[in-house]
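Participant: Quick one, fold the following:
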Amino acid sequence: MSTTHEAAWPQPYEGYALTPELREEARTDGDALYVCVLTATEQAERPVPVVFARTIAVSQAQAAVTNQRQPGVAPQRGEMEASLLGIGVTYMQALIDLVNRGFRTIAPANTLAVNEVRSRLGMSDAALRLREGDPRAGS
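Facilitator: Coordinates of the predicted model:
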C-alpha cells in the first residue's frame, strides 16, 4: 500500500531529484511498520550518475513510545507519514550535500530506523562517511 504526499515530486535539491515512496506493512507480530523510501537521483549529465536510496522505518509501537505530543499513543497514519518524510528528506539533503562535497562512494541503499536517522542528523562529514560508505568501494 503506497501513498503520495501533497508536495510536488520529484523534489529538486542541489542537482538531485528526490522521490519518495510511503507504505505501511503488517509485521508478523501484528504491529504496523511505516516505511519511507527516498531515492536521490543525480540530474547532471555524467556517464554514471549517482543514485542512492534510504529506507526509513518505524513501527507503530515505537512511534507510540516516542510520541512527544501524546506519549503512549501512536500518531495517525498521515502524521506518521509526514514525520517520516520530513526526517527522511532532511537526512537525504545532508547526504546529497556530502556527495556534492566529493563523497561519491556512498552506499547505493541502506535501511535505517527512524531513531538512527535522527541521531545522524548534524553529524560531521567524517562520521557520515563512516556510516554511509559503500563497502564494495573499500571506503
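Participant: drop to CA atoms for contacts and neighbour counts, all remaining ones
Facilitator: Noted.
Participant: for the residue nearest to Val50 when sequence neighbours are not counted, what are its contacts?
Facilitator: Sequence neighbours aside, Glu42 is the residue nearest to Val50 in space, at 5.3 Å (criterion: C-alpha to C-alpha, 6 or more residues apart in numbering). Glu42 makes contact with 15-17, 49-51, according to C-alpha atoms under 8 Å, 6 or more residues apart in numbering.
Participant: Of the residues you listed, which count as buried by neighbour count?
Facilitator: If you count burial by 16 or more other C-alpha atoms under 10 Å, the buried members of those come out as 16-17, 50-51.
Participant: I'd like to know which of those residues is nearest to Asn110.
Facilitator: Asn110 lies nearest to Val51 out of the buried ones among the contacts of Glu42, by C-alpha to C-alpha, at 12.3 Å.
Participant: can you give me the strands in this protein?
Facilitator: 2-3, 11-13, 16-26, 32-42, 51-59, 109-113 (DSSP state E).
Participant: Make a markdown table out of these and add distance to Ser83 and mean pLDDT.
Facilitator: Output for the strands of the chain, formatted as a markdown table (distance: least, C-alpha to C-alpha, whole Å; pLDDT from 0 to 100):
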| stretch | distance to Ser83 | mean pLDDT |
| --- | --- | --- |
| strand 2-3 | 14 | 43 |
| strand 11-13 | 17 | 94 |
| strand 16-26 | 11 | 95 |
| strand 32-42 | 10 | 95 |
| strand 51-59 | 10 | 96 |
| strand 109-113 | 13 | 96 |
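Participant: need the ones you listed in CSV with distance to Ala127, can you?
Facilitator: Putting the strands of the chain into CSV (distance: least, C-alpha to C-alpha, whole Å) gives the following:
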stretch, distance to Ala127
strand 2-3, 33
strand 11-13, 22
strand 16-26, 22
strand 32-42, 20
strand 51-59, 17
strand 109-113, 16
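Participant: Between the ones you listed, which one is closest to Ser119.
Facilitator: Taking C-alpha to C-alpha, strand 109-113 is the member of the strands of the chain nearest to Ser119, at 10.1 Å.
Participant: I appreciate the help and will end here.
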